[in-house]
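>>> sequence unavailable; structure follows:
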DNA sequence: GTTCTTACA
DNA sequence: TGTAAGGA
């Protein structure tokens, strides 16, 4: 239900982006990321990045903001000394990790509290441990983050 | 004016 | 890989 609403929203945003041509040219990507147009065309030939499908009928390539971020991340890995292919692998893995984290948070985060010096994230009950307790991540500035099992409150 | 491909250095 | 040529 919630997921349905969310994908509808994303679809509407995509439609608006398309009708308003909220897309970036190769020059935009190049100037923003300092990756040359030559390099971007090379990355495309290698299959690392893809122009939007709608640009297949166009004269020029068009890129999404998502692609901009991907290029930026790949380049940051390249700047760190990784080879291009490794940089691409790392950016793919980073993206998957981000998706997994979003999934985890959306799926399991039951409560969130802001503390004086940090945060508490309540992930609810842990299967097979204790149904009356919740797993809580406690993050405090200057201290190691820890997980605790806390008795459920009635309020 | 920008982007495209091809080709040369 | 940068740059130039010559078109779109």
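On my side now, so go ahead. Quantities reported herein were computed from a predicted structural model and do not represent experimental measurements.

>>> could you find the closest non-adjacent residue to the residue in chain A positioned nearest to DNA strand C?
DNA strand C sits closest to residue A:36 of chain A, with a gap of 3.6 Å, by CB to the nearest atom of the strand. Heads up, the C-betas are built off the backbone N, CA and C, glycines and all. Nearest non-adjacent residue to residue A:36, counting by CB to CB, 6 or more residues apart in numbering: residue A:30, 6.0 Å away.

>>> mind checking if the strand or helix carrying that neighbour is in reach of DNA strand C?
Under the criterion of DSSP states H and E, residue A:30 resides in helix A:26-33. No: if you take CB under 7 Å from any atom of the strand as the test, helix A:26-33 misses DNA strand C, and the best it gets is 9.5 Å.

>>> next helix or strand past that helix?
That would be, after helix A:26-33 and using DSSP H and E, helix A:37-45.

>>> what residues sit buried inside that following helix?
For helix A:37-45, the neighbour count (16 or more other CB atoms under 10 Å) marks A:39-40, A:43-44 as buried.

>>> out of these, who's nearest residue A:111?
residue A:43 (42.9 Å; CB to CB).
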